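# sequence unknown, structure follows:
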């Protein structure tokens with residue numbers, strides 16, 4: 001069976017010469033729901049013009065998204081560098097000889113380096129294949145596990161360490177909180193002066209309780225200053241939830257936070273914020 005590395009990279013950004021580094025960067029975080037509406041996703045991102053883009057649920061070679069490499073498509077169209085981290089092999093979306101995957105992608109018009117995967121030790125067993133389940137799409141059988149994609153962005157000579165998270169959608173908040181704590185603990189390897197951005201689809205509200213305390217203890221600040229609106233649309237069964245977040249640590253101040261609720265090309269809304277050095 002053919003396979004791909006757990007991490008894939010590509011460089012499509014146009015090199016730029018700067019007399020001085022920028023005073024701020026625009027960060028966009030978005031669960032793009034596999035990239036099913038890729039045309040409209042790219043259209044929004046083209047208008048938004050992020051310096052750093054953190055994407056969750058990007059397909060690679062999946063039947064449902066026309067076998068495209070979604071992260072690479074976005075990077076090529078918008079002239080960005082990208083790193084893709086393989087979260088799951090989607091057993092119902094590929095074949096033995098041509099497997100399908102989905103995962104996280106970090107993109108930037110600045111150089112990216114030192115990419116690595118932090119695959120959480122605590123995982124749900126929900127996605128594992130079982131002999132009694134047919135390999136058809138509704139069962140979403142998968143191999144792999146939830147992760148944080150860790151990538152350095154070199155922004156005009158300044159390093160920003162990015163943690164692109166996708167926490168478990170199955171199970172309870174205790175599992176999600178344990179996964180988040182693994183990422184927070186890993187971030188302690190960087191000294192206090194290193195700028196760290198931790199963001200993604202956390203699948204839970206982390207504004208209170210044990211999760212909020214862990215974030216504060218790790219010295220991360222909510223880029224939205226705790227002024228959140230739902231980041232998923234209302235459905236027939238439930239109201240939208242606040243489950244997508246952007247946090248930062250280090251010498252950064254945040255401004256212009258926005259949840260783009262007019263964008264309907266995913267089952268999550270994109271988040272954006274400007275972080276100033």
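Okay, I see it. Just so you know, these numbers come straight off a predicted model, no measurement behind them.
# for residue 255, which non-adjacent residue is spatially closest?
The shortest distance from residue 255 to any non-neighbouring residue, by CB to CB, 6 or more residues apart in numbering, is to residue 274 (5.0 Å). No exception for glycine: its C-beta is placed from N, CA and C like everyone else's.
# swap that for residue 207, please
That would be residue 226: by CB to CB, 6+ apart, it lies 6.0 Å from residue 207.
# assign that neighbour to helix, strand or coil.
What DSSP: H, G, I helix; E, B strand; the rest coil gives for residue 226 is coil.
# how close does it sit to residue 214?
According to CB to CB, to the nearest Å, residue 226 and residue 214 sit 15 Å apart.
# ditto for residue 203
Applying CB to CB to residue 203 and residue 214 gives a distance of 16 Å.
# what about those two, which has more around it?
Higher neighbour count among residue 203 and residue 214: residue 203, with 24 against 18, using other CB atoms under 10 Å.
# I'd say the more buried one and residue 167 touch.
Yes. Applying CB atoms under 8 Å, one finds residue 203 in contact with residue 167, separated by 4.9 Å.
# anything in contact with each of these two?
residue 176 (CB atoms under 8 Å, 6 or more residues apart in numbering).
# may I see the buried residues of the lengthiest helix in the chain?
Longest helix in the chain, counting residues (DSSP state H): helix 173-187. Buried residues in helix 173-187, defined by neighbour count with 16 or more other CB atoms under 10 Å: 173, 175-184, 187.
# any idea which helix or strand comes after it?
strand 195-201 (DSSP states H and E).
# dump the residue contacts of residue 181.
So residue 181 contacts residue 214 (CB under 8 Å, 6+ apart).
# against residue 69, how distant is it?
32 Å.
# so where's the stretch 101-250 of the chain uncertain?
Counting by pLDDT under 70, the stretch 101-250 of the chain contains low-confidence ranges at 130-140.
# recalculate using a threshold of 90.
Where the stretch 101-250 of the chain drops to pLDDT under 90, the residues are 125-142, 156-157, 170-171, 192-193, 225-228, 235-238, 250.
# just the helices from the protein, written as ranges.
Using DSSP H, helices in the chain cover 38-48, 70-78, 173-187, 209-217.
# quick one: terminal-to-terminal distance for stretch 85-105?
Taking CA to CA, to the nearest Å, stretch 85-105 runs 6 Å from one end to the other.
# mind listing what's buried in that stretch?
Applying 16+ other CB under 10 Å to stretch 85-105 flags 85-94, 99-105 as buried.
# and for stretch 256-276?
257, 259-260, 263, 265-266, 268-275.
# thanks a lot, catch you later.
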